[in-house]
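Trainee: fold the following and give me the result.
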Amino acid sequence: MNMAQIVLKNPKILLIDEPSENFGDVNEKVHEAFQNISQGRATIVIARSLQMFQNVDRIIMLEKGKIVEEGNYTDLISRQG
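Mentor: Below you'll find the predicted structure:
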């Protein structure tokens, strides 16, 4: 589903896998677009880059299917995990 379809269908929950993977140098614009499109809905994002999550409520870090860390961006960066 592309961003236009998301806006038109207006789902209550979004599940997004590696949203910035194929965007190269436009990551800032991609992050901004996802922030806008995620407003007012539960959004689950799967990504390898922690920077994607600077403005989210909660981050859950998984390793081999187990939760290894949890918190917001500032918490996780300060722990240097």
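Trainee: could you find the closest non-adjacent residue to the residue most central in space within the chain?
Mentor: Closest residue to the average C-alpha location of the chain: residue 45 at 3.9 Å, with Cα atoms, centre = their mean. In space, and not counting its chain neighbours, residue 45 is closest to residue 16: 4.8 Å by Cβ to Cβ, 6 or more residues apart in numbering. For every residue, glycine as well, the C-beta is placed using N, CA and C.
Trainee: do residue 6 as well
Mentor: Nearest one to residue 6, counting by Cβ to Cβ, 6+ apart, is residue 37 at 5.7 Å.
Trainee: burial measure for that neighbour, as a count.
Mentor: Neighbourhood size, residue 37 [other Cβ atoms under 10 Å]: 16.
Trainee: hmm, it is touching residue 16, no?
Mentor: No: Residue 37 is beyond contact range of residue 16, at 9.2 Å (criterion: Cβ atoms under 8 Å).
Trainee: which residues of this structure fall in strands?
Mentor: 13-17, 42-46, 59-63, 66-71 (DSSP state E).
Trainee: make TSV out of these and add distance to residue 53 and mean pLDDT.
Mentor: What follows is the strands of the chain, written out as TSV (distance: least, Cβ to Cβ, whole Å; pLDDT from 0 to 100):
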stretch	distance to residue 53	mean pLDDT
strand 13-17	12	82
strand 42-46	7	84
strand 59-63	5	88
strand 66-71	10	92
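Trainee: what's the closest of the ones you listed to residue 78?
Mentor: strand 66-71 (8.9 Å; Cβ to Cβ).
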